[in-house]
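Colleague: Dropping a prediction and its sequence here:
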Amino acid sequence: MRVAYYNHTSAVSGAEINLMVTAKHYTKAHPIIFAPEGELLDRARKDWFEVVPLPSYNARLSRNPFRLAAGAAGMVRAGYQLAKAAAEQKADVIHANSLRAGMMASLFYWRHRIPVVWHLHDIPPKGLIGKTIRLYASLAAQSVIAISEPVMRDYKKLGNRVHLVHNGTVLSEYTEKEKAYSREKIRTELNTPQEGRVMTIIGQIAPWKRQADAIRALHALLEEGKESYLWIVGEPKFREENERYLEELHLLAEQLKVEKYVRFTGFREDIDEVCCAADLLLLCSENEPFGRVIIEAMAQGTPVVATSGGGVSEIIQHGQSGMLYATGNILELVHRIKAIEGDKQLYKQISMNSMDRIKEHFSIEQAAAKTEQIYRQAINGVLGKAEELRQSKGVAK
Ligand code: UDP
């Protein structure tokens, strides 16, 4: 089974990391990554994936009608180029790694005749735009994968063509000794005391990720005399407002006089080690569709305190495999942090339960096998329809 894995941008965030980690674990499918040149293809080449570079286009849509028309024309062109390249590569299925990629890949189905699987990573837009996209999906997509219940909710009408596939990850491969080594190394590098309490928040820097809440929680803990450190890991991507938000975060840390206790690390490639080196992972996002970083921390046995919205509660069972709090409620966040950090027994229990939960429900092998099954179903569906058509034509003759 040759899979044309299509990503319409070259930027790397959770969806692209999930693509690469899952594709590495296929046992039946052969993935070929189609994307514009950039970070994603650089990483894919390093991991020995077969890649097909596509011309890039401006992926931003605009309210300005001229820019909007130019953006739409760019999408059509990119869809055509993908259709041509996927047919040349003799792909059996196209796996479109976002809503927009799905729309573009399906546009030229009449030409390539390759089943298209749309992979939805975000909570879909509401209103007229949302309805139009859903209608298009119901007409054009052979299969839809959603990463969590809230992402899937509006698409349930597609019946057995829609599938829930949670991200999967690799369970920690580090021994206790190796974890201790990572802890020492990264704490030294980040100028953080070896015995200090360290919380980390990992992900793109963006207002909706609410890193400011983590800084406020740190401030409250310090005010109570609990010496703690916060590592803010990640970089602003995609939008200018995210760059500005990073400046605001620096300013907030200064205003609250906690800058001595905050480390802005920028983007790091060693997230597993960072998770081992920290004591807690915080996730403060508003409506996180899934939160890949949660399962990555849990796989290392690092307890997570996260907001309860979006798809997070499908991963964490509150009080057992992590803690949940209401978005923006700093008091509750601080309360949860203290509850875990102040009780060694509970900390250990949550750490162990987290790893068990990953093993049972979020393993990469499960996610890869489910995805391969969806490819098979999409291919068989298209083959079945073609056969029906042939037979009906035969009968008509
Ligand atoms: N990530 C990373 N380095 C960083 C920050 C984030 O490798 O400095 C990775 C992180 O390990 C995770 C992904 O980026 O795999 C973020 O995925 P998530 O679903 O948490 O958030 P998204 O950015 O996709 O909204």
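Modeller: Okay, I see it.
Colleague: If we ignore the residues flanking it in sequence, what's nearest the residue of the chain at minimum distance from the ligand?
Modeller: Closest residue of the chain to the ligand, CB to the nearest ligand atom: residue 14 (2.4 Å). All C-beta atoms are positioned from the backbone trio N, CA, C, and that covers glycine. Among residues not flanking residue 14 along the chain, residue 292 sits closest, at 4.0 Å (CB to CB, 6 or more residues apart in numbering).
Colleague: Could you verify my assumption that that neighbour touches residue 19?
Modeller: No - judged on CB atoms under 8 Å, residue 292 makes no contact with residue 19 at a distance of 11.0 Å.
Colleague: Which residues are in contact with residue 184?
Modeller: Each residue near residue 184 by CB atoms under 8 Å, 6 or more residues apart in numbering is listed here: residue 194.
Colleague: so which strand or helix has it?
Modeller: Element membership of residue 184, judged by DSSP states H and E, is helix 176-189.
Colleague: neighbours around the residue nearest to residue 14, how many?
Modeller: 26 (other CB atoms under 10 Å).
Colleague: The one 3 residues further on now?
Modeller: Residue crowding around residue 295 was assessed by other CB under 10 Å; the count is 26.
Colleague: Show me what the host helix or strand of it is packed up against.
Modeller: If you go by DSSP H and E, residue 295 is part of helix 292-299. Packing partners of helix 292-299 (3 or more CB pairs under 8 Å, 6 or more residues apart in numbering; DSSP states H and E): helix 14-24, strand 197-202, helix 271-277, strand 280-283, strand 304-307, helix 344-361.
Colleague: Compute the inter-axis angle for it and helix 344-361.
Modeller: Calculated by axes from the mean of the first three to the mean of the last three CA atoms, to 10 degrees, helix 292-299 forms an angle of 110 degrees with helix 344-361.
Colleague: Point out the residues in the stretch 201-350 of the chain that sit beside the ligand.
Modeller: 202-204, 233-234, 267-268, 271, 290-293, 296 (CB under 6 Å from any ligand atom).
Colleague: rerun that using 5 Å as the cut-off
Modeller: For the stretch 201-350 of the chain, the contact set with the ligand under CB under 5 Å from any ligand atom comprises 203, 204, 233, 234, 267, 268, 271, 291, 292, 293.
Colleague: Give me the nearest residue to the last one, chain neighbours excluded.
Modeller: Leaving aside its chain neighbours, residue 293 sits nearest to residue 202 (4.7 Å; criterion: CB to CB, 6+ apart).
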